[in-house]
Every structure is written in C-alpha cells, then in structure tokens.
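Engineer: structure here, sequence nowhere to be found:
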C-alpha cells in the first residue's frame, strides 16, 4: 500500500530519507546534518486538483484557511507544484533546516483532500521558517523587541502555485544578503566535514601521560601542535601580524603555522614545537571559555579544542536562524551591538564607518535583545544606583565609601556625582526603552583589554565613548552644543536631531571584516534552545564566564 508520506512526497524513498531526523545516539558535540537527498521523482499517482473540495470544518489554522478561502475551498496542488515543493525541501540544508522534518504523520489511506491540506501546511511551515524563522524568539526571552519580518504567506503561496513557481517563491523568502550566503556556505562545508569525520579531531585526544607530563606548554614538542594552530587560526584567535584586524587567510596549515606562530614543520624525528606565539593566542581562547588563561594546554583546554565541525555546523544553523528573525532591510544609519562578540558597529547610510569594543552584561545579567534608538547625549552624567545593586553589592557600604566614590544619598537613592570616577564615565547615550538599557562610557577602561567582556550589569560600555560621542555629534550637526555641554562639568543633555536606531543582537557566529566567518563563544547559553528546535542535540561546549565584575551598570 502506498503510504501518505510517499504520496505527499510525490516519490516515496527520496523524500522519506530526506526528512528523517538525525541518528539516535550521536554525540552532542558532533551531531551533523544529513546529506540532502535528490529532488523527489514525480508520483505515478497524479494529484487531484480543482475537483476535490476542501472541508471548511477540517481546516482550523488561520493561514491554511486563508489559502483555501482564496482558492474557493478547492484543492490547489498539481504534480508540478508538488515537485517544486520537494525540490525546495530537498535543498533546505542551504538554510540549516535539514534537521527539521516538515512532513506530518497522517494515515496512509488519507483522502485526497487531506493530502492537499497536508501539503499546504508543509509549504506554509517551510515558508514561515524561511521568512521569519522556525523559532519565535519571543518565546525564548523575557525581553525581545527586535522587529521581525511580516509576510503574507497565504497570498504568496496561492500566487506561487498559480505561476507554478513554488520553489522560487520559497527561496525569495530567506535573507538575500551576502553575509547570509557566506554563513550558508560555511554551514554546508562544516556539515560535510562532520559527516566525513563524525568522531572529531583525533589528534587532540588526551595523551597517555598524566599530571604535568600531559600538559602542552611553551617549548613542548607534540604532534598535536599543528592541529592546535589550525584551530586557533580558523577560530580567529591567532591573528595576522601587523595592523590588519582579521584572522589569517591560511590556504594551508603549513603556510599559516610557519608565518604566524613561528611553528617549524615537523621532521621525521621530531614533532612541532609549541611556541610563545601559540600560547599567547591560546590565552584568548581560554579567557573566552572561562579557563585559566595561562596558555598551557591541559584537559579543559583540550575539551574546547576538540569542538569539531559538527559543533560549528550546529552554531551556523543557529546563526542562520537568527538572521531570519531580522527585518530584511535594516535602517541604513544604525548602531549594531553584537552582545555575543562584545563588538559595536556604526553604519552611516549603509556603510560601516566605525567599530569598537564594548562591555556587555555578564551571564545572569544578560544584555537583552532589543531595538531602541539613541535620542540624546548626556554629558557628565550622574548615576542613580539601581535598587538591585544598592540592596545587593552595596548593601553594607558606609559614609566613608560613599564619600570616596563621590556618592550622595537622595530620597533613599544612592547617586554618584559627575566626574571621571563616575561609573557611567563622562558620557551616556540615552536610549528610548523601558528596560533601563543604554550605552555609556566607563571609569574602568582597562576592562576593554580583556577578550571576555561580559562583565556589566546589562548596559553597554563603549570603548573611547568620548570619541564615539564626538563622532555622533559631528554627524548630527550638534558639535558645538556637545562640546559646550562637556566643558561645563555638569550634567547636561544634548538632543539629537535624528534618532539613531540601535540593535542589540546576539551573534556568536558572524561575518567579520575580512569577509570570513568568525566563531565566538555562546556566553549566555542562548544557542541551545534554538538548536534543539532546529533538530540538533544539546551542545557540550563550555560557556564564557565573567571574572571580577565591578558594580557599574
């Protein structure tokens, strides 16, 4: 008997294989997507169109009902359109969705009307995943205010079926920008690597020795050093010498190792040496993952280095999903803060004109994902200490502490007066939101030297905030007003003639300056719930951990 899944697929075996979930028991850190199956063959059983009536009572989903309302409650799927749908589903690895099975479970002897409705549900589910994301971010976060695309899927599907362009319409719903394509290409590369090497990088398995003898430190000869260098280069920790900000473009390990890390190729009689340059790069990775930043490769560092292509494919699938959550045409002039990478980018008229480090919320006090404009600059701000801090870290401070930190009590609130020691520094960028989240300067600029900068109570501290404020003032034509406010030494407000949109994004995989895909940590652990809804296992990766947080916002 022909099954419903086969009939939906218009070719039983290819689509059945295509939509099967991952093998049970795969290691969480190495779970890889399946290879995309070829487009399904056309069914020998033609789809019944036009003459089949769809029951209004059997369709409860509003979007599906909208499709059949437009179709006068008649079946809509022809063989050609089914084939186009199958072609699109067969290529869904391009969007990191090949772990998701879109076909429903229905009886094998389902009626033609039920099959038609099921196909419509499949098409709309896939269309929704491409247009707005498979996962609703508002269900994952208490605060999520970034605008999502709004697409009339019912109208689009009906028009696509009428033109017999279902596959083209589906493809048009996904982001079309170059960064999305780069992430998509990288996903396929790492998925393929994971399929070919599902067990991970064997050269980095723990050695037979124990204790100090098992450690890799400066001067150690070890065959795993070459692979360590490759991992550090590929992850962006081992950088090019000179002024260039991006990771090395390394066609081969031999070239990158010898020119970047001073690593000499191994000889038949000796393994490569772990150099100081490698150790210095390793400290950055260790800091990001909350490991003691000593540059020594021990068991905990090996666990991080052993994160293989399956882990990266998983992270890339999440990155693609997060891109689908975002509006397709962001404001041309805007500030994007990547809270996962602790990085700020300022775009003017669609061109990146400035970027700098930031400090964002520590795990447990995460900077939320929100959209909120800067509407004014505040020169020489005061800081009213939030009650959560006043009753927490500052619960037992005395008058001497308040005086030392230029603080006073006002109506039961602790207020820090303007000045270079103020926790907000010398400028605050006021943003219009109800979360008390804003950008600001800091009295502790040394924290920007850290590679792991998830250290605040939620607000965003900007490197050289005075210089950044001057840039914004110049762009807005309020230079004189800003300089006068600065020079006053008192808190003064300088409204911006045009609000500057700010997006607080969480992107631990993104496209860097050199057009290369950059991988960073998942400091808030926000990838797991997304990845699981995309059909992946939970990750075994460590998270970044804050160290020596101060009491600033």
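Structural biologist: Right, received. Where do you want to start? Quantities reported herein were computed from a predicted structural model and do not represent experimental measurements. Numbers count the residues shown, from 1 in each chain.

Engineer: so where do the helices sit in the stretch 201-350 of the chain?
Structural biologist: Using DSSP state H, counting those that start in this stretch, the helices of the stretch 201-350 of the chain run over residues 225-235, 253-260, 276-288, 299-305, 309-325.

Engineer: how about those helices in JSON lines, adding distance to residue 396, mean pLDDT and mean neighbour count?
Structural biologist: Where C-beta positions appear, they are placed from N, C-alpha and C, glycine not excepted. Shown next, in JSON lines, are the helices of the stretch 201-350 of the chain (distance: least, Cβ to Cβ, whole Å; pLDDT from 0 to 100; neighbours: other Cβ atoms under 10 Å):
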{"stretch": "helix 225-235", "distance to residue 396": "43", "mean pLDDT": "81", "mean neighbour count": "22"}
{"stretch": "helix 253-260", "distance to residue 396": "50", "mean pLDDT": "44", "mean neighbour count": "17"}
{"stretch": "helix 276-288", "distance to residue 396": "31", "mean pLDDT": "87", "mean neighbour count": "21"}
{"stretch": "helix 299-305", "distance to residue 396": "35", "mean pLDDT": "81", "mean neighbour count": "18"}
{"stretch": "helix 309-325", "distance to residue 396": "42", "mean pLDDT": "94", "mean neighbour count": "25"}
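
Engineer: Throw those helices into JSON lines and include distance to residue 119, thanks.
Structural biologist: Formatted as JSON lines, these follow (distance: least, Cβ to Cβ, whole Å):
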{"stretch": "helix 225-235", "distance to residue 119": "42"}
{"stretch": "helix 253-260", "distance to residue 119": "48"}
{"stretch": "helix 276-288", "distance to residue 119": "46"}
{"stretch": "helix 299-305", "distance to residue 119": "45"}
{"stretch": "helix 309-325", "distance to residue 119": "22"}
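
Engineer: could you check how many residues crowd around residue 56?
Structural biologist: When neighbours are counted by other Cβ atoms under 10 Å, residue 56 registers 11.

Engineer: begin at 737, not 1, for the rest of this chat.
Structural biologist: All right, first residue 737 from here; so that's residue 792.

Engineer: just confirm it is within a helix.
Structural biologist: No. Under DSSP: H, G, I helix; E, B strand; the rest coil, residue 792 sits outside any helix and is assigned coil.

Engineer: for it, which non-adjacent residue is closest in space?
Structural biologist: Nearest residue to residue 792, sequence neighbours excluded (Cβ to Cβ, 6 or more residues apart in numbering): residue 809, at 6.3 Å.

Engineer: phi, psi of the one you found?
Structural biologist: phi 60, psi 40 (degrees, to the nearest 10).

Engineer: how many neighbours does it have?
Structural biologist: Neighbour number of residue 809 under other Cβ under 10 Å is 16.

Engineer: these two touch, right, it and residue 788?
Structural biologist: No. Applying Cβ atoms under 8 Å, one finds residue 809 not in contact with residue 788, separated by 9.9 Å.

Engineer: how about low-confidence regions in the stretch 737-886 of the chain?
Structural biologist: Residues of the stretch 737-886 of the chain meeting the criterion pLDDT under 70: 737-786.

Engineer: can you give me the helices in it?
Structural biologist: 740-745, 748-754, 798-806, 815-826, 848-868.

Engineer: which elements pack onto the third one?
Structural biologist: For helix 798-806, the elements it packs on are helix 848-868, helix 889-899, judged by 3 or more Cβ pairs under 8 Å, 6 or more residues apart in numbering; DSSP states H and E.
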